[in-house]
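S.K.: mind folding the following:
(chains A and B)
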Amino acid sequence: DSGVTQTPKHLITATGQRVTLRCSPRSGDLSVYWYQQSLDQGLQFLIQYYNGEERAKGNILERFSAQQFPDLHSELNLSSLELGDSALYFCASSLRDAKPYGYTFGSGTRLTVV
Amino acid sequence: GQQVMQIPQYQHVQEGEDFTTYCNSSTTLSNIQWYKQRPGGHPVFLIQLVKSGEVKKQKRLTFQFGEAKKNSSLHITATQTTDVGTYFCRGNDMRFGAGTRLTVKP
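M.R.: All right, here's what the predicted structure looks like:
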């Protein structure tokens, strides 16, 4: 157990639908990062939050949004889902805003869009 | 924006052979981090290098940071089947290198 909790572990939904992925960071970590990993691909950075505020954006589609709540858990909302959105979505956390702290990853949510 | 380039993309070795993956940047890095992702698993932080020319070891793994702080390498001596997975590097920002997938034939 890495200390980063992601729910659900698996999600199957239809095209056009909307889903919410949840992440609880490791205790004490203030930064949360979301990554998308398509089958056998690399880690695509989506977005970062630090202590409740958006800090950096990567390749996040307009159909996707995220937020970090006062208790520091974060949610990633994916809407108007397409087949190509099927992927593993990882959440990671770290103590501070940026380097030099290593990221602790959760086990991921596997999203399948049918 | 800056992103680290990682080579090779794939590496297949016989158990007992050595393995090296490289991470290169066009700009100077303040630090570099290495992660390992086992098949079906999530990335796990291995180590961070900060100083120019720094070398760190973890058992059979040797990590180096170049003198110019623009490149780094991860070397595994005498690979074992437990080394199988994808090794990622990460530079100054939140983006990761594309990863090197290592397979080991027993």
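
S.K.: burial count for whatever residue of chain B ends up closest to chain A?
M.R.: Scanning chain B for proximity to chain A using C-beta to the nearest C-beta identifies B:Phe45 as nearest, at 3.5 Å. Placement of C-beta: from N, CA and C, glycine included. Counted with other C-beta atoms under 10 Å in any protein chain shown, residues neighbouring B:Phe45 total 18.

S.K.: ditto for B:Lys36
M.R.: The burial count for B:Lys36: 19, using other C-beta under 10 Å.

S.K.: give me the pLDDT for it.
M.R.: Turning to B:Lys36, the model gives it a pLDDT of 98.

S.K.: confirm that it sits in a strand.
M.R.: Yes: with DSSP: H, G, I helix; E, B strand; the rest coil as the criterion, B:Lys36 is located in a strand.

S.K.: would you map the strands across the chain?
M.R.: Assuming you mean chain A. Assigned by DSSP state E, chain A shows strands spanning A:5-7, A:10-13, A:19-24, A:31-37, A:44-50, A:53-57, A:64-68, A:74-78, A:87-94, A:104-105, A:109-113.

S.K.: wrong one, I was asking about chain B
M.R.: Under the criterion DSSP E, chain B contains strands at B:5-7, B:10-14, B:19-24, B:32-37, B:44-49, B:55-58, B:61-65, B:71-76, B:85-90, B:100-105.

S.K.: quick one, what contacts the residue nearest in space to the middle of chain B?
M.R.: When chain B is reduced to its mean C-alpha position, the nearest residue by C-alpha atoms, centre = their mean turns out to be B:Leu74, at 4.3 Å. Applying C-beta atoms under 8 Å, 6 or more residues apart in numbering or on different chains to B:Leu74 gives the contacts B:20-21, B:23, B:34, B:46, B:61-63, B:87, B:89.

S.K.: my read is that B:Gln37 contacts B:Gly85, right?
M.R.: Yes: counting by C-beta atoms under 8 Å, B:Gln37 does reach B:Gly85; the two are 5.5 Å apart.

S.K.: run a quick neighbour tally on the closest residue to A:Asn51 other than its chain neighbours.
M.R.: Taking C-beta to C-beta, 6 or more residues apart in numbering or on different chains, and ignoring the residues beside it in sequence, A:Asn51 has A:Leu30 as its nearest neighbour in space, at 4.7 Å. Counted with other C-beta under 10 Å, the neighbours of A:Leu30 add up to 16.
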